[in-house]
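Trainee: coords below, sequence missing:
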């Protein structure tokens, strides 16, 4: 059974940008902004600038690979080209897959948290996972529709939410006279450098969605030209928007207030300066953002896992279901996302997602450096810089979590080797030559 039919030239440049920003501007900026502020203190706006820099260096090699190997598999196909059809490729692809599934549970819980702000109900309510599960079910329904509908829906709503967040930020800043007072006022963490770098790891969750653009390489119009353009535009748009938003938040709330409302910081920031109307507006944008990020994210990861399944790199069972492998993967992804939405809180979901992503990207950048750099004509200093930045940021994040939430460190230290070991055992003795 093959994957779904992929239509060449069905996604234009702005459709690709819409898919990327649809994932990037979502739960990470709405929910994680408070966690970033908690770690970096008064320096948290700079953490987003740092995250943009790390993401930009990382994106360079993805663009180079996409120029040579545009495909529906995106990162999965890139790993095949770098490491071949083996446990390293499959394990790294699964890390990215789990990172994206974790992101969907983050999105779902954020959707529930912000929606309940309209009724003055806190994030500890049991209604949060209930609403999150509802969003994931809706996401499945949308994803069984055509690619054209998903492209149009995410592109249009992405434009609306970007405009909405700009309006929110400008309105909040206008209410304070565009003052920079308070932007860098507050506490600085005792271990300033490692804490700041750890905060950058979480801020990367607001940028890593650029990788979803590569998952549609075989369908983007003129992919060798437009994939790189779409990624560049998406990162630049998000960086500018996040800088504006963090300025607006710090002009309305102190660091302590941001941390206290860390699961719904933007909604809280709207209350003092914009009142109930601002609250409703901000929550409305958050709802739109989380809906689009969920749809675009699930779409992308289902495509990648369908390709890996078709290549016999990951286990698969139909469980009596009919339809394409991609349809099956949608079901598995939604079920796993629902499970995580029910069981985990926002902080741990975000931390685990950031750890998985950084480990995967380090292995990817190392493979580019050692195996395909000359073939894809990537510049040595850029690839090395990306690799070093990822290692430094991940090390700082692990250090911070070791002191604040040892469970995440232990869980990651156990689960990551198990993923690669499981893939090694699954693929052991299999002849994958000739597999598509």
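Mentor: Perfect, I can see it now. Only a predicted model underlies this, so the values are computations on that prediction, with no experimental measurement involved.

Trainee: Give me the helix or strand of the chain that scores worst on average pLDDT.
Mentor: helix 147-175 (a mean of 77; mean pLDDT, DSSP states H and E).

Trainee: Give me the helices and strands touching the helix or strand that it is followed by, please.
Mentor: Next helix or strand after helix 147-175 toward the C-terminus (DSSP states H and E): helix 192-203. Packing partners of helix 192-203 (3 or more C-beta pairs under 8 Å, 6 or more residues apart in numbering; DSSP states H and E): helix 27-40, helix 44-68, helix 346-367, helix 380-404. Backbone N, C-alpha and C define where each C-beta goes, glycine included.

Trainee: now for the third one, which elements pack on it?
Mentor: Contacts defined by 3+ C-beta pairs under 8 Å, 6+ apart place helix 346-367 against helix 27-40, helix 44-68, helix 75-83, helix 87-117, helix 192-203, helix 380-404, helix 406-427.

Trainee: among the ones you listed, which is the most enclosed?
Mentor: Counting by mean count of other C-beta atoms under 10 Å, helix 27-40 has the highest mean neighbour count of these, with a mean of 28.

Trainee: End to end on stretch 200-212, go ahead and measure it.
Mentor: End-to-end distance of stretch 200-212 (C-alpha to C-alpha, to the nearest Å): 20 Å.

Trainee: Please list the residues outside stretch 377-397 that contact it.
Mentor: For stretch 377-397, the external contacting residues (C-beta atoms under 8 Å, 6 or more residues apart in numbering) are 53-54, 57-58, 60-61, 64, 193-198, 200-202, 204, 351, 354-355, 358-359, 361-362, 365-366, 368-369, 372-373.

Trainee: Would you single out the least confident of the helices and strands packed on helix 346-367?
Mentor: When the helices and strands packed on helix 346-367 are ranked by mean pLDDT, helix 27-40 comes last with a mean of 81.

Trainee: Residue 85: which of the helices and strands packed on helix 192-203 is closest?
Mentor: Nearest to residue 85, of all the helices and strands packed on helix 192-203, is helix 346-367, at 13.8 Å by C-beta to C-beta.

Trainee: so what's residue 259 closest to, chain neighbours aside?
Mentor: residue 38 (4.6 Å; C-beta to C-beta, 6 or more residues apart in numbering).

Trainee: what about the one you found, distance to residue 32?
Mentor: Between residue 38 and residue 32 the computed distance is 10 Å (C-beta to C-beta, to the nearest Å).

Trainee: Relative to residue 14, which of the helices and strands packed on helix 192-203 is closest?
Mentor: With C-beta to C-beta as the yardstick, what comes closest out of the helices and strands packed on helix 192-203 is helix 44-68 (17.2 Å).

Trainee: what's the angle between that closest one and helix 27-40?
Mentor: 130 degrees (axes from the mean of the first three to the mean of the last three C-alpha atoms, to 10 degrees).

Trainee: Kind regards, and thank you for your time.
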